[in-house]
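# predicted model, plus sequence, below.
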Amino acid sequence: QVQLVESGGGLVQAGGSPRLSCALSGRTFSSYSMGWFLQAPGKEREFVAAINRSGGITNYADSVKGRFTISRDNAKNTVYLQMNGLKPEDTAVYYCAARPYNWGKFDYWGQGTQVTVSS
């Protein structure tokens, strides 16, 4: 059974650059492509970024392109989301997700980590 645990959230000042981490356990990490999603208060969950199994291909939501970077370390079973230039509207719960292919829906989800950006 795949388990995902996020960390790295918290209260951040506008313009800050936190890094979120998500550790996968229970299965071989390199067999899964990974993604980050966010859910802002009162809104539906939305896509942020994804990375393929080897780490060679990434894609981003337009809202974060140029500010956020997704990466992975297959030796550490961890995916990261480097967030730069945070804005108050980036405030949300950020979720890590995994899927066994480089496409399709994400099957496994973490519990989420809150990121609150103060102005």
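Nice, thanks for sending it over.
# report the central residue of the chain.
Closest to where the C-alpha atoms of the chain average out (CA atoms, centre = their mean) is Trp36, at 2.8 Å.
# tell me the secondary structure at Ala98.
strand (DSSP: H, G, I helix; E, B strand; the rest coil).
# can you name the residues that contact it?
2, 4, 24, 32-35, 106-108 (CB atoms under 8 Å, 6 or more residues apart in numbering). To be clear about C-beta, it is placed using only N, CA and C from the backbone, and glycine gets the same treatment.
# quick one: the strands in this protein?
Under the criterion DSSP state E, strands of the chain are mapped to 3-7, 10-13, 19-25, 33-39, 46-51, 58-60, 68-73, 78-83, 92-99, 108-109, 113-118.
# now mean pLDDT too, for the ones you listed, in CSV please.
Output for the strands of the chain, formatted as CSV (pLDDT from 0 to 100):
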stretch, mean pLDDT
strand 3-7, 97
strand 10-13, 96
strand 19-25, 97
strand 33-39, 98
strand 46-51, 97
strand 58-60, 97
strand 68-73, 98
strand 78-83, 98
strand 92-99, 98
strand 108-109, 98
strand 113-118, 97
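# ok so, going back, ok, the nearest residue to the residue nearest to the centre of the chain once chain neighbours are set aside to Ala75 distance?
Closest residue to Trp36 apart from its sequence neighbours, by CB to CB, 6 or more residues apart in numbering: Val48 at 4.3 Å. Val48 sits 24 Å away from Ala75, taking CB to CB, to the nearest Å as the criterion.
# buried ones among the contacts of Ala98?
Neighbour counting by 16 or more other CB atoms under 10 Å classes 2, 4, 24, 32-35, 106, 108 among the contacts of Ala98 as buried.
# just to check, the residue nearest to the centre of the chain is in contact with Asp90?
No: counting by CB atoms under 8 Å, Trp36 does not reach Asp90; the two are 11.9 Å apart.
# beta-bridge partners for Glu46, please?
Per DSSP bridges, the residues bridged to Glu46 are Leu38.
# before I go, just wanted to say thanks for your time.
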